[in-house]
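Visitor: this one's sequence-less:
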């Protein structure tokens, strides 16, 4: 079963608070899981990184430049499962 992200908040640096639809929640340091290259390169700029939002159609976090991260990957990083 895939879990969708329903809430995201930038919490400083490259850390995001995430809450999933099953109420699993916590913080993830995005800089530990992506390389700031390609579509993610713009996100090195903190102002651009802070523009993160939830795309309800995809059930994951996304940025205005089209970057997103698979919700199942983020769920696994958060829960260790």
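Guide: Thanks, I have the structure now. All figures in this text were calculated on a predicted structure; none of them were measured in a lab.

Visitor: residue 26 reaches residue 20, doesn't it?
Guide: No: using CB atoms under 8 Å, residue 26 makes no contact with residue 20, being 9.5 Å away. Every residue, glycine included, has its C-beta placed from N, CA and C.

Visitor: shared neighbours of the two, anything?
Guide: residue 78 (CB atoms under 8 Å, 6 or more residues apart in numbering).

Visitor: centroid residue for this structure?
Guide: Of all residues in the chain, the one closest to the mean position by CA atoms, centre = their mean is residue 61, 4.4 Å from it.

Visitor: specify the beta-bridge partners of it.
Guide: Note on residue 61: beta-bridge partners by DSSP bridges are residue 54.

Visitor: how far away from the center of its chain is stretch 6-19?
Guide: From the chain centre to the centre of stretch 6-19 is a distance of 7 Å (CA atoms, centre = their mean, to the nearest Å).

Visitor: averaged pLDDT, that stretch. What do you get?
Guide: Stretch 6-19 shows an average pLDDT of 97 in the prediction.

Visitor: endpoints of it, how far apart?
Guide: 6 Å (CA to CA, to the nearest Å).

Visitor: cool, stretch 54-62 as well?
Guide: End to end - CA to CA - stretch 54-62 spans 6 Å.

Visitor: all strands for this protein, in order.
Guide: With strands called from DSSP state E, the chain shows them at 5-12, 15-20, 25-29, 53-55, 60-62.

Visitor: can you name every helix or strand that the last one contacts?
Guide: Taking 3 or more CB pairs under 8 Å, 6 or more residues apart in numbering; DSSP states H and E as contact, the helices and strands that strand 60-62 lies on are strand 5-12, strand 53-55, helix 71-79.
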